[in-house]
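Asks: mind folding the following:
(one chain, ligands or ions: 1)
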Amino acid sequence: MIEIREITENKKQYLSLLLLADEQEDMVDRYIADGTMYILDDNGVKGECVVLPIGGNTLEIKNIAIHPDYHRKGYGKALIDFIIEKYKGKYSVLQVGTGESQATIPFYEKCGFIRSHTIKNFFIDNYDHPIYEEGILLVDMVYLKMDL
Ligand SMILES: CC(C)(COP(=O)(O)OP(=O)(O)OC[C@H]1O[C@@H](n2cnc3c(N)ncnc32)[C@H](O)[C@@H]1OP(=O)(O)O)[C@@H](O)C(=O)NCCC(=O)NCCS
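Replies: Below you'll find the model as predicted:
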């Protein structure tokens, strides 16, 4: 049975999962202490996500990752649906930032997010090395949003 639970102690025990979504550890360190972490357990931990209020009634998904052996089984969407249920009425907008990548944007759109805006050169300006996803260099941060 799928169980999603909050982790309050030693969130970096899940660093290997966190790095799947955000491969530079000092970028993870920007939000891991203040962020709220949930793990999805289905006969073992299969994924995690971290959310953080960013002001203006907006909650941001800072990190979401499912173990590569368990992609496309609905676990990612289960985490998003859990966040929506948990935070609706508490925040008015749920947003997520990602690279311009076919590995992530279609997933978020399937979950109900709509493209909002981009931050030009975010990956170039904030990471100390080039970030590639499916062979494509990530440059701008793409934000997607949904109303809660
Ligand atoms: C992105 C990620 C969290 C998706 O998790 P997942 O458990 O594989 O996704 P789900 O099985 O819940 O997919 C939900 C829907 O999105 C679709 N989807 C998922 N990944 C997709 C992709 N790469 N391309 C197209 N559609 C995709 C699924 O087919 C499914 O659609 P359906 O409801 O019609 O069947 C997962 O691929 C992952 O951990 N990636 C590595 C880390 C990462 O990049 N995190 C995001 C950083 S911004």
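
Asks: adjacent strands (with direction) for the lengthiest strand in the chain?
Replies: Ranked by number of residues, the top strand in the chain under DSSP state E is strand 45-55. Strand pairing for strand 45-55, determined by DSSP bridges: strand 36-41 (antiparallel), strand 58-66 (antiparallel).

Asks: can you pull up the bridge partners for the residue nearest to V45 when sequence neighbours are not counted?
Replies: Distances taken as CB to CB, 6 or more residues apart in numbering put I39 closest to V45, at 5.2 Å, once the chain neighbours are dropped. Quick note: C-beta positions are derived from backbone N, CA and C, even for glycine. Beta bridges link I39 to R5, E48, judged by DSSP bridges.

Asks: so I39 makes contact with K11?
Replies: No. Using CB atoms under 8 Å as the test, I39 is too far from K11 to be in contact (9.4 Å).

Asks: residues touching the residue nearest to V45, list them.
Replies: Applying CB atoms under 8 Å, 6 or more residues apart in numbering to I39 gives the contacts 4-5, 7, 14, 45, 47-48.

Asks: in this structure, which residue sits nearest the ligand?
Replies: Nearest residue of the chain to the ligand, counting by CB to the nearest ligand atom: G76, 2.4 Å away.

Asks: just want the angle from the host helix or strand of that residue to strand 45-55.
Replies: Assigned by DSSP states H and E, G76 belongs to helix 75-87. Here helix 75-87 points in a direction 40 degrees away from that of strand 45-55 (axes from the mean of the first three to the mean of the last three CA atoms, to 10 degrees).

Asks: right, and the helix or strand after helix 75-87?
Replies: Next along the chain after helix 75-87, taking DSSP H and E as the criterion, comes strand 93-99.

Asks: what lies in contact with the helix or strand just after that following strand?
Replies: Next helix or strand after strand 93-99 toward the C-terminus (DSSP H and E): helix 105-110. Under the criterion CB under 8 Å, 6+ apart, residues 76-77, 96, 98, 115, 142, 144 lie in contact with helix 105-110.

Asks: save those residues as TSV, and put in neighbour count too.
Replies: Output for these, formatted as TSV (neighbours: other CB atoms under 10 Å):
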residue	neighbour count
G76	23
K77	15
V96	26
T98	20
R115	12
V142	20
L144	21
